[in-house]
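>>> Provide a 3D model corresponding to the input given below.
(2 chains)
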Amino acid sequence: MSDRYEPASFEAKWRQRWKDADLFRTRTDPDAPKFYGADFFPYPSGAGLSVGHCRNYVPTDVICRMKLMQGYNVLHPMGFDAFGLPAENEAIKHKTHPAPMIKSYAATYRRQMELVGISYDWSRSFSSSDPEYYRWTQWIFELLFKRGLAYRSMAAVNWDPVDKTVLADEEIVAGRAERSGALVEKKWIPQWFFKISDYAQRLLDDLDELDWPEGIKSQQRNWIGRSEGVQFSMVIADSAAPDEVSEDGFAVKNSRGALAFDVFTTRIDTVFGMTFCVLAPEHPLLERILRGVDEVHAESVRAYQLRAKTLSDIDRLATNREKTGVFTGAYAINPANGAKVPIWVADYVLATYGTGAIMAVPAHDERDFEFAKKFGIEVIQVIAPTDGAQVKLPFIAKDGVLVNSGEYSGMPVFESMTALGIWIEGLGIGERKVQFRLRDWLISRQRYWGCPIPIIHTKDGEMQLVPQDCLPVELPMVDEYEPSGDGTSPLAHIPDFVNTTDLDGRLGQRETDTMGGFACSSWYFLRFCDPSNKTEPWNFDKAKYWMPVDCYVGGAEHAVMHLLYARFWTKVLYDAGLVTVKEPFARLENQGQVLAQTPYRYPRVDEKLEVGEEGVLLSFVDAAKLPEEDIFYRWARMSKSKGNVVTPEDAVGGYGADALRMYLLFVAPFNADVQWSNEGMQGQVRFLSKIFKLIDESKAFYVPEWKGLVGFEELDSVAREVRRKTHKTIRKATADIDRFAFNTYVSSMMIFVNELTDLVQRNKANPSRAFALTLSEAIESLIKMLSPSAPHSADELWTTLGHKGFVVNEVWPTFVSELATDDLVTVAIQVNGKLRDTIEMDAAATNEELEAVAKSLPKVQSHLEGKTIRKVIVVPRKLVNLVAS
RNA sequence: GCCGGGGUGGCGGAAUGGUAGACGCGGUGGUCUCAAACACCAUUGGGGUUAAACCCGUGCGGGUUCGAGUCCCGCCCCCGGCACCA
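Numbering: from 1, shown residues only, chains lettered A, B, ... in the order given. Now for the predicted structure:
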């Protein structure tokens, strides 16, 4: 063996041996505890992996490998999220079919993951586009359908004109499609939804029990958006008794013989301050209202509605946009005081939230205030600070009392909210209600490359589920699958697919929309528990054994999409008695990104930069051609488009797989971004070389049977020191891996190696028996602790100590508290809280001894001169503070 | 605006209320080499000193405490998310 880390000479050899030994096949020892560690289901892009992806996979691998050594049955699977837009778009670009393309991309991913030495059990791998998998995705769809949680309805949905499909709300960011960047248009077409809104409260409540980053939990809470308030009916003044009117979730009621509409408010305490109402331009009652007003008002409302319709979401939702609106000519009655208030139409009220209509209280709401000011509407203050002080309107705060509010005047705000809610309920015109922002999950896509929805439309317009023994509804293999753009799926144009017979043997038509990719990734972690089951999605007992995922690792960008959907499906499956957990992922960790130096040049005079761009992106080749002063470098996320990618092949070829792994672990806290540097990689090469050198120098003293002997040996002070450092490091490294503090785990090994190297240098000329025994324990422990992060090197070093087999099959070292305890400690001596000296003391020294020694120190005495000691604080083994004045 | 996370040497970052800056990168000086690269040794918060002593230092201002990077109050700045959600 070399006394240096020379990866080219052994890393590939070990990877082959692991493979030959089928080392990472999931063990199911009935007496062992389980550990399920998983990475987010990746889409295998044609660009392959960068070292950035390894930042996700390596840490999960480290904790899984440690758990293996600690005797757990470890489930550490990997598969591919192959269905969906990214795959299809890439296939179209390359004029190929997504199925073979994805297969080859996934093979590349696997090869790269293996190159880095990740311990996946590949026998459990699958792709979401495998018929044996999506058969069960369809099976779960049918379960949702039967439970009333999958429905088809007409809706104004987000249409992405670039990707030519509809998208879920979660995929829209500020009016643009997150993926394509296209401005989203509204389209009114029938779509499939999952009724996630039924689970809003549970999705909110159960967050509390999860060991997840606070930021992700808070994002989910915001997205679910629970608010408590009162919903009540407003009667339209002088309106004739209408026929029954009710449409699409809008509460348009026949109430007391007049037209009426519902409003939702979280500030019922301000109801006496209502000076107008606003309906969303899309509000269905407007049609009726306009019949009862004069033509001038009706015309202006219609014109306004038309304008609102053509306005894109991005314009409409632009912040700080001036409020617009028109008066309808109609009035509503404030139920609190009988006042007639004008009804306006304005697009600052959203049709999709609450009832699409509000009571406006300009004195206590910024938006209403702005609107009232612009249109000269009255402002009536009904809340005042408790101390009666004058306040500037709008006054939003809730700490105050009601004024100008009839019999409720003088009542504190919070008390009045309950009182007025009860009063409204007593009147029978409304109720206290909880409103959620979360809307149903739009799941259908007008694209080819997705899981077909297993529905047959019959001649009479009924919908039937494809019988379970006929699943999967297979995606037909066709050459032409590009999106049509007319709002129908490519599948709609394949007669062989569409035309079928229904359950009664009559002609029927298949549903042609496919499911969005997020459906497929909402249950894959269950399939990993039992991936080759031919008769059911998973065996109940196997899922019961492995679930939940104990540690789930991936990027923060899935905070509200995948993670919310997967939680929802898990709860539905729980309700159906198919799984025993209410939550799929007990612990979640988000890795930071890997950034690379990326060259830009300053824009030329005639160039305009995109918003957010700092300069013009350059390739490294182009950057080399330009004069230095024209170029600047920025840290940017590694991506193919930026040309700054370092691949695992680059890193492993240049420095070694173990160096790459150690670097990614050490360079920054797990959840922080990393600035990639070759110097940092070289640092890990140096560290690994130090270990090889240490083992090379120590192996002469190595006693394989140390464990049975060390207890009988009288330990000298050097041997005690070796043991102490060993057990301290075990304690630190184990705890650090468990808490995802991989940087300090590596650091603790560096400290250990430096200390051992020192001890070996000082004692190698004349080593005692005790030293040899404790050193044997030390280097064995070191190799074991190293093995999760640098598995190739660990196995190589293990062999040089004369062992056979793999370190991952060894038992993770445990520490003994007494052995990790110092018998000599450094005590800090302070005068008035300022450090003046430190002393070495026996750890067993009493407080009195410490105090006496502290007082006797010259450096201390010079600071005590002319002062009287008022107080002495002694922290055993740590510190003495003399308080003097 | 609201929610979440942060602010510590030249850089990445360590620090259960108890010696701030572990560990590493980079820098400086040296060894090896014909030379370079690699490697190895020493040193490295700022001021101050021949050296020490000593002084200053964890975004800013207050507070609690024998003692605050850490706890409390009020600000400033950065990152991420949401954003007319009534």
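
>>> and A:Lys544, how far from A:Lys34?
Distance, A:Lys544 to A:Lys34, using Cβ to Cβ, to the nearest Å: 11 Å. Heads up, the C-betas are built off the backbone N, CA and C, glycines and all.

>>> same check, this time on A:Glu370
57 Å.

>>> now do A:Met274
Taken as Cβ to Cβ, the span from A:Met274 to A:Lys34 is 59 Å.

>>> the more surrounded of the two?
Neighbour count, other Cβ atoms under 10 Å: between A:Met274 and A:Lys34, A:Met274 has more, with 26 against 17.

>>> dump the residue contacts of the more buried one.
Counting by Cβ atoms under 8 Å, 6 or more residues apart in numbering, A:Met274 makes contact with A:Asn334, A:Ala336, A:Ala339, A:Val341, A:Met359, A:Ala360, A:Val361.

>>> hey, where'd the strands end up in the stretch 151-300 of chain A?
Along the stretch 151-300 of chain A, the segments classed as strands by DSSP state E, counting those that start in this stretch run A:165-167, A:172-173, A:176-177, A:185-194, A:226-236, A:252-255, A:258-265, A:276-279.

>>> and the last one, what does it pack onto?
Just to be clear, that refers to strand A:276-279. If you count contacts as 3 or more Cβ pairs under 8 Å, 6 or more residues apart in numbering; DSSP states H and E, strand A:276-279 packs onto strand A:340-345, strand A:357-360, helix A:366-375.

>>> is any residue of that strand near RNA strand B?
No - applying Cβ under 7 Å from any atom of the strand, one finds strand A:276-279 separated from RNA strand B by no less than 7.7 Å.

>>> what comes up buried for that strand?
Residues A:Phe276, A:Cys277, A:Val278, A:Leu279 are the ones in strand A:276-279 that count as buried (16 or more other Cβ atoms under 10 Å).

>>> swap in stretch A:221-230?
For stretch A:221-230, a neighbour-count test (16+ other Cβ under 10 Å) marks A:Trp223, A:Ile224, A:Arg226, A:Gly229, A:Val230 as buried.

>>> equivalent analysis for stretch A:546-564, please.
Buried residues in stretch A:546-564, counting neighbours by 16+ other Cβ under 10 Å, are found at A:546-556, A:558-564.

>>> just stretch A:25-45 next, same as before
A:26, A:34-45.

>>> just stretch A:144-159 next, same as before
A:Leu144, A:Phe145, A:Leu149, A:Ala150, A:Arg152, A:Ala155, A:Val157, A:Asn158, A:Trp159.

>>> quick one: that stretch to chain centroid distance?
Computed by Cα atoms, centre = their mean, to the nearest Å, the chain-centroid distance of stretch A:144-159 equals 25 Å.

>>> and if you look at stretch A:738-748?
Its chain's C-alpha centre and that of stretch A:738-748 lie 22 Å apart, by Cα atoms, centre = their mean.

>>> before we move on, back to that, least reliable of the strands of the stretch 151-300 of chain A going by mean pLDDT?
Least confident of these, judged by mean pLDDT, is strand A:252-255 with a mean of 46.

>>> give me the number of residues near A:His618?
Let me fix one detail, which is that residue A:618 is Leu and not His. Neighbour count of A:Leu618, defined by other Cβ under 10 Å: 21.

>>> now it, nearest residue through space, not along the chain?
A:Pro599 (4.4 Å; Cβ to Cβ, 6 or more residues apart in numbering).

>>> can you check A:His53 too?
Once flanking residues are discounted, A:His53 sits nearest to A:Pro42: 7.4 Å by Cβ to Cβ, 6+ apart.

>>> got a pLDDT number for A:Gly388?
In this prediction, A:Gly388 carries a pLDDT score of 79.

>>> burial check on it, number of neighbours?
For A:Gly388, using other Cβ under 10 Å, the count is 10.

>>> also the one 4 residues further on?
By the other Cβ under 10 Å criterion, the neighbourhood of A:Lys392 contains 5 residues.

>>> where does the stretch 1-150 of chain A have low pLDDT?
A:1 (pLDDT under 70).

>>> make it 90
For the stretch 1-150 of chain A, applying pLDDT under 90 flags the ranges A:1-3, A:85.
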